[in-house]
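# Any chance you could fold what I've pasted below:
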Amino acid sequence: MKQLLLSLLLLGVAGGVSAASPAPHRIFIAGDSTAATYGAERAPQAGWGQKFPDWIRDGWEVRNHAVGGRSTRSFIDEGRLDAIAGEIRAGDVLLIQFGHNDAKREDATRYTDPATDYPRFLQRYIEVARQKGATPILITPVARLLYDFRALVDTHGRYTLAMQDLATREGVALIDLNATSSDWIRVHGEEGAKPYFMFTQGKADGTHFSEAGADAVACLVAAGWRGLDVEAPVKAVTADACNALPAPPLPPVSQSVVVQERDIAIEQPGPHEGLGTTTAYPFFADATGFDLIFRKRAFHPGATIGDHVNDKDEIYYVLSGRGRLQLNDTVREVGPGDAILTRKGDRHALAQLGDEALVIFIVYRPVVR
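Predicted coordinates:
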């Protein structure tokens, strides 16, 4: 009996060893908001890394570490590359896509010079992968939907070139997503490409993707990888097939409407990390086919708009109350009837004064990033 039990035990151990499957290889993604994963509350916004599992073969897992707002610098400074280093192992792949936030010159915590800092930080990602026996793959920044005089604008030129040069010097595989995503946008045209981006819910956002856009860009990444290596763990797909993926139609132009401000009032802190509390009135936030943003904001005692650099032209019109306006190098008091034009690239802040709330109208065109 003992001999039988011993034989069964040995068989069980042997069977367990033989049945154990090797740990799956993983694909790690280091990147920014264009690759990040978003919850259901942010729908229909999605990042290509969120959709990438749909384009890989069985036996591989995706670990998406991409986070909105990060650059090569801030991703490292926040310990996010260290977190990947603690997980990644031999046989894994590290996909590296940055550039959108590296170009934010006004923010020293994110900005990188494309000739020096950017390739130097990218080198850190490459070294982490290689030290662990994993494969690094560089991915140039995905294109924005930004047209000027009917021509698509390349907003990442120097960063794309810097990444390409680094890939050549270091012998690292490179997926030129900037090129393929630009071609993808051109295939659909300025208006036809909008459903793939966040031109919805009152937004005009040419940087971030709808679910359809994220799926198409994930497809382009897979196609680019397969173009480098036919044995890559992705589905057999080409850029032409990705370009043909359908998008939902743009919502119809909304009808005329009358809105009562008491029904839409929202309590918010001071904008741009300002102080105190404000009441915002986001008129016509759900309007479609309308390219102006019209807002009213009441700054309660002590509230401010934080000191910041404009990313767009804006008009402020003071309805009531008093405030102290800082506009570039000048400071002045403003009150009812004052209209303020602040231009893109200008620096300004606004502080409420006295006991009465400062109430202003704000008008601007949405930024297409």
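# Name the SS class of residue 274, please.
coil (DSSP: H, G, I helix; E, B strand; the rest coil).
# wait, isn't it in contact with residue 300?
No: if you go by CB atoms under 8 Å, residue 274 and residue 300 don't touch, sitting 11.5 Å apart. C-beta coordinates here come from the backbone N, C-alpha and C atoms, glycine included.
# The two: which is more packed in?
A side-by-side neighbour count of residue 274 and residue 300, using other CB atoms under 10 Å, places residue 274 first with 22 against 16.
# which ones are touching that one?
Going by CB atoms under 8 Å, 6 or more residues apart in numbering, residue 274 touches 303, 304, 305, 306, 349.
# Please, a ChimeraX command that selects the buried ones among those?
Selecting only the buried entries of those in ChimeraX, with 16 or more other CB atoms under 10 Å as the criterion:
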select :303,304,305,349
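# Tell me the one of the contacts of residue 274 nearest residue 287?
Nearest to residue 287 out of these is residue 305 (CB to CB; 24.4 Å).
# list the contacts for that closest one?
Applying CB under 8 Å, 6+ apart, we find residue 305 in contact with 270, 271, 272, 274, 299, 348, 349, 350, 351.
# Those residues in strands, which ones?
Taking DSSP state E, the ones among these that sit in strands are 299, 348, 349, 350, 351.
# Flag every buried residue along the helix or strand hosting residue 215.
Here residue 215, judged by DSSP states H and E, is contained in helix 211-228. By neighbour count with 16+ other CB under 10 Å, helix 211-228 contains the buried residues 211-226.
# and of those, the nearest to residue 313?
Nearest to residue 313 among the buried residues of helix 211-228, counting by CB to CB, is residue 213 at 26.9 Å.
# Can you tell me the closest non-neighbouring residue to the closest one?
Once flanking residues are discounted, residue 213 sits nearest to residue 196: 3.2 Å by CB to CB, 6 or more residues apart in numbering.
# ok, that neighbour - contacts?
Shown in contact with residue 196 (CB under 8 Å, 6+ apart): 145, 188, 209, 210, 212, 213, 216, 247.
# measure residue 212 to residue 234 for me?
Going from residue 212 to residue 234 by CB to CB, to the nearest Å gives 19 Å.
# coming back round to it: which of the buried residues of helix 211-228 lies closest to residue 358?
Of all the buried residues of helix 211-228, residue 213 has the smallest distance to residue 358: 39.4 Å, by CB to CB.
# per-residue confidence at that closest one?
Here the pLDDT value assigned to residue 213 is 97.
# Relative to residue 315, how far out is it?
Taken as CB to CB, the span from residue 213 to residue 315 is 31 Å.
# With residue 341 instead?
6 Å.
# How is the protein divided into domains?
Under the assignment automatic domain parsing, the domains of the chain span 23-243, 261-364.
# which one of the ones you listed is the most hemmed in?
Among the domains of the chain, ranked by average contacts under mean count of other CB atoms under 10 Å, first place goes to domain 23-243 (a mean of 19).
# so is residue 168 in a helix, a strand, or just coil?
Under three-state DSSP, residue 168 falls in the helix class.
# Could you list which residues are in contact with the closest residue in space to residue 225 that isn't next to it in sequence?
Once flanking residues are discounted, residue 225 sits nearest to residue 232: 4.5 Å by CB to CB, 6+ apart. Each residue near residue 232 by CB under 8 Å, 6+ apart is listed here: 222, 225, 226.
# If anything else comes up later, I'll come back, but that's it for now.
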